[in-house]
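Enquirer: okay, here's the prediction I keep looking at, along with the sequence it came from:
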Amino acid sequence: MAEQRLRIAIQKSGRLSEGSIELLKSCGLTISRGKDKLYGRVQEMPIDVLLLRDDDIPEFVSDDACDIGIVGQNVFEEERLAVTREAPAREVRTLGFARCKLMLAAPKDWSFDGAGMLAGKRIATSYPGLTKAWLESHGVSACVVTMKGSVEVAPRLKIADAVCDIVSTGATLDANGLKPVATVFESQALLIRNAKGFSAAKQAIFDALMKRINGVLTSRDAKYVMMNAPRSAIAAITEFLPGAEAPTILDLAGNPDKVAIHMVCRESVFWDTLEELKKLGASAILVLPIEKMMA
């Protein structure tokens, strides 16, 4: 019987592609690509990688051409709103990178005072499903004009009065005399899977991959914190530290009133966090990054 390999679709270029490849690398996986650079094989696990256009990934996963995929939430939701499939792809989890916003933008000389200003206006967008859903949720009737690219030039060309487009920095909007006025959808990278189910062999590969992905994402913001502190301050320090699990308490040689406290914090530890720990009596505080973590 031929070896069963899990097929994963990722974006072939762009920020989503870079983040996806970095995630797989952090999971200890190396991708060997062919000459066309649109197909690769993972050396450490039975996984094949297809590099596709972001817009094609939900369809490839839904149609069983790929088992799982990493796609922008905005693209996945737009596909869900626009297409009715017998077995659409399913969300697995968000991945925390490639964050952006789908925003309504209007000419800078507009004095925007709410969604009602868009009534009867023409709005150009590459995301008609999400735009219409937002307008409907605000009780606004407007004409949505679908464009495949260069949406930001629509008001200048008199094609539309306003636009709804993906915004990262806002520089492109500003260069075209536009300003963001409302957030329609907040997006980040999303892991999706085929809804039809996997064979036992593929399910085992998927489960092993998810353990690694969850471990990488859990450790991304987590820190290992070590300090010395009075024994009487253990409860206060444990309660204060953000996202901390039960600490490890070690006796300090020759000092029965003080202990060493070691703990994993699942949230960011800032300078003001350290200052507050000092106030609680902690000393010799060390904050270390965690490269890998598995529950």
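Expert: Nice, I can see it. Numbering: from 1, shown residues only.
Enquirer: give the contact list for the residue in the chain sticking out farthest from the centre.
Expert: The outermost residue of the chain, judged against the average C-alpha position, is Gly254 (48.5 Å), by C-alpha atoms, centre = their mean. Contacts for Gly254 (C-beta atoms under 8 Å, 6 or more residues apart in numbering) come out as none. Heads up, the C-betas are built off the backbone N, CA and C, glycines and all.
Enquirer: low-confidence ranges, this structure, go.
Expert: 1-3, 34-36, 84-87, 244, 295 (pLDDT under 70).
Enquirer: mind jotting down where the helices sit in the stretch 1-150 of the chain?
Expert: Remark: helices assigned in the stretch 1-150 of the chain by DSSP state H, counting those that start in this stretch are 15-26, 57-62, 73-82, 128-137.
Enquirer: among these, which is nearest Ala201?
Expert: Nearest to Ala201 among those is helix 57-62 (18.4 Å), distances taken as C-beta to C-beta.
Enquirer: and that closest one, what does it pack onto?
Expert: In terms of contacts (3 or more C-beta pairs under 8 Å, 6 or more residues apart in numbering; DSSP states H and E), helix 57-62 is packed against strand 6-11, strand 68-72, helix 73-82, strand 189-193.
Enquirer: got a list of contacts for that helix?
Expert: When contacts are defined by C-beta under 8 Å, 6+ apart, helix 57-62 is touched by residues 9-11, 50, 52, 66-71, 75-76, 79-80, 83, 85, 87-89, 192-195.
Enquirer: buried ones in it?
Expert: Residues Ile57, Pro58, Glu59, Phe60, Val61, Ser62 are the ones in helix 57-62 that count as buried (16 or more other C-beta atoms under 10 Å).
Enquirer: same question, stretch 287-295
Expert: Val287, Ile290, Met293.
Enquirer: quick revisit: redo the helices and strands packed on helix 57-62 as CSV? Include mean neighbour count and distance to Lys278.
Expert: Output for the helices and strands packed on helix 57-62, formatted as CSV (neighbours: other C-beta atoms under 10 Å; distance: least, C-beta to C-beta, whole Å):
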stretch, mean neighbour count, distance to Lys278
strand 6-11, 25, 45
strand 68-72, 27, 42
helix 73-82, 20, 41
strand 189-193, 22, 38
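Enquirer: take those and write them to a markdown table, including distance to Leu209.
Expert: Below are the helices and strands packed on helix 57-62 laid out as a markdown table (distance: least, C-beta to C-beta, whole Å):
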| stretch | distance to Leu209 |
| --- | --- |
| strand 6-11 | 7 |
| strand 68-72 | 8 |
| helix 73-82 | 19 |
| strand 189-193 | 10 |
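Enquirer: of all those, which one comes closest to Val153?
Expert: Here helix 73-82 is closest among the helices and strands packed on helix 57-62 (C-beta to C-beta), at 20.4 Å.
Enquirer: tell me the angle the closest one makes with strand 68-72.
Expert: If you take axes from the mean of the first three to the mean of the last three C-alpha atoms, to 10 degrees, helix 73-82 sits at 100 degrees to strand 68-72.
Enquirer: name the helices or strands packed onto helix 73-82?
Expert: Identification of packing neighbours for helix 73-82 by 3+ C-beta pairs under 8 Å, 6+ apart yields helix 57-62, helix 128-137, strand 178-187, strand 189-193.
Enquirer: with only the CA atoms kept, save the first one in PDB.
Expert: Looking back up the chat, that one is helix 57-62. Taking Å, rounded to 0.1, in the frame of the first residue of the first chain, the C-alpha atoms of helix 57-62 are listed here in PDB:
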ATOM      1  CA  ILE A  57      -6.800  27.600  -0.900                       C
ATOM      2  CA  PRO A  58     -10.400  27.300   0.500                       C
ATOM      3  CA  GLU A  59     -11.500  25.700  -2.700                       C
ATOM      4  CA  PHE A  60      -8.600  23.200  -2.800                       C
ATOM      5  CA  VAL A  61      -9.300  22.200   0.800                       C
ATOM      6  CA  SER A  62     -13.100  22.000   0.300                       C
END
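Enquirer: surely Ala222 is in contact with Met263?
Expert: No - using C-beta atoms under 8 Å, Ala222 makes no contact with Met263, being 10.5 Å away.
Enquirer: find the residue at the geometric middle of the protein.
Expert: Central residue of the chain (C-alpha atoms, centre = their mean): Gly96, at 2.9 Å.
Enquirer: where's that one relative to Glu22, distance?
Expert: To Glu22, Gly96 is 12 Å away according to C-beta to C-beta, to the nearest Å.
Enquirer: and what of Lys132?
Expert: Going from Lys132 to Glu22 by C-beta to C-beta gives 34 Å.
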